[in-house]
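Novice: take this sequence and fold it.
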Amino acid sequence: MSDARARSAALLWGFDPDGVTLAARRENAVYRVTDPRGQFALRLHRPGYRSEAELRSELQWMAALAAGGMAVPRPIPLPDGGLTAEVDGKLVDVLTWLPGQMLGAGGAIEGVADRPALAHRLGRVLAQLHDLSDAWTPPPGFTRPAWDRAGLLGDDPLWGRFWEHPDLGDAERALFETARNRAASDLAAQERDLDYGLIHADAITENIMRDGEALYLIDFDDGGWGFRDFELATFLMRQLDAPDYADIRAALVEGYSIRRRVDDRTLDLFLLLRALTYPGWIIPRLAEPGGAERSARAIATALPLAERYLNGGTP
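Specialist: Below is the predicted model:
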């Protein structure tokens, strides 16, 4: 099925609207377009989440990655050369459709016999992403969100004031605030020595496609400037309860270490910071379908990490 906006958007790119079907409805609505020229992904973006300048910058970055030899969705321009359009108040773009299947839902790594080997390959993919991004000079006007100290722990974090989640009790709120303050101090002491640049920032299993042995990253919607250890922590946080977590973590770091050495203690800090973002992210989405369940999971993950961090332990 497709809605009227998707059909109207398809016409702008010269596609037959009858070839448009809904593929996924998450932050953005993604439609699969079947056309004699190939398969494409048409994205209708969540209103207010990204500006047109931010979306254009995302697409320019993805085009540069593709030009550098990385298998990522490549933007398809409009007939006039533009990369985006607006249809009934929603920003729209079109990308190439990558082969394969989603790695898994809810952090699960599905149908993979050797999970550490997969994590090792993912580490190499993330290293390639960072290398190509560092070699690229963004064009004038390039703008993307910053997952820096302010974006993670400041008064107005990118994903919201997690310590003000309405479902937190007084003791839990105090725990988050104390962890936030100490983490901000620890990060300030280290940040000059940390690798910082463009990151995907959402390398969860839903955004990793697997086609045989090949792995592809999709959905760069949250990509921007950030700490490279935060990139690794984003994938690992969803694996914390896995029985083979230690092997997955070691393999991911080893695969990534073709780029640089990863410090375990710094990675532990970013695991906490990644976990803290999700209670903030869910606040404006509590009333959406599944919001209450997601909220409970986010809080249940972040609280023990914050407690262990303050007690000097590790995830």
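
Novice: phi, psi of the spatially most central residue of the chain?
Specialist: Centroid-nearest residue in the chain, with C-alpha atoms, centre = their mean: residue 202, separated by 1.4 Å. Per-residue torsions, residue 202: phi -150, psi 40 (degrees, to the nearest 10).

Novice: neighbours around the nearest residue to it once chain neighbours are set aside, how many?
Specialist: Counting by C-beta to C-beta, 6 or more residues apart in numbering, residue 222 is the residue found nearest to residue 202 once chain neighbours are left out, at 4.4 Å. Backbone N, C-alpha and C define where each C-beta goes, glycine included. Look at residue 222: counted by other C-beta atoms under 10 Å, it has 24 neighbours.

Novice: wait, residue 222 touches residue 146, no?
Specialist: No: here residue 222 does not reach residue 146: they are 11.5 Å apart, not a contact under C-beta atoms under 8 Å.

Novice: by contact count, what packs against the helix or strand in which residue 185 is found?
Specialist: Per DSSP states H and E: residue 185 is located in helix 170-190. In terms of contacts (3 or more C-beta pairs under 8 Å, 6 or more residues apart in numbering; DSSP states H and E), helix 170-190 is packed against helix 149-153, helix 264-282, helix 291-310.

Novice: next, the angle helix 291-310 makes with it.
Specialist: Interaxial angle, helix 170-190 versus helix 291-310 (axes from the mean of the first three to the mean of the last three C-alpha atoms, to 10 degrees): 60 degrees.

Novice: list the contacts of helix 170-190.
Specialist: 149, 152-153, 162-165, 168, 266, 269, 272-273, 276, 279, 299, 302-303, 306-307, 309-310 (C-beta atoms under 8 Å, 6 or more residues apart in numbering).

Novice: between that helix and helix 264-282, how many degrees?
Specialist: Relative orientation of helix 170-190 versus helix 264-282 (the same axes, to 10 degrees): 130 degrees.

Novice: how far does the helix or strand that comes right after helix 170-190 sit from its chain's centre?
Specialist: As assigned by DSSP H and E, the chain's next helix or strand after helix 170-190 is strand 196-199. For strand 196-199, the separation from the chain centroid amounts to 13 Å (computed by C-alpha atoms, centre = their mean, to the nearest Å).

Novice: quick one: strands adjacent to strand 196-199?
Specialist: Strand 196-199 sits in its sheet next to strand 224-227 (antiparallel), going by DSSP bridges.

Novice: which strands or helices does the helix or strand following the partner strand pack on?
Specialist: Using DSSP H and E, the next helix or strand after strand 224-227 towards the C-terminus is helix 228-237. Counting contacts by 3+ C-beta pairs under 8 Å, 6+ apart, helix 228-237 is packed against helix 115-135, strand 196-199, helix 245-256, helix 264-282.

Novice: got the contact list for helix 228-237?
Specialist: Residues contacting helix 228-237 (C-beta under 8 Å, 6+ apart): 119, 122-123, 126, 130, 147, 152, 194-197, 199-204, 245, 248-249, 252-253, 256, 260, 262-263, 266-267, 269-271, 273-275, 301.

Novice: right, I'll call it a day here.
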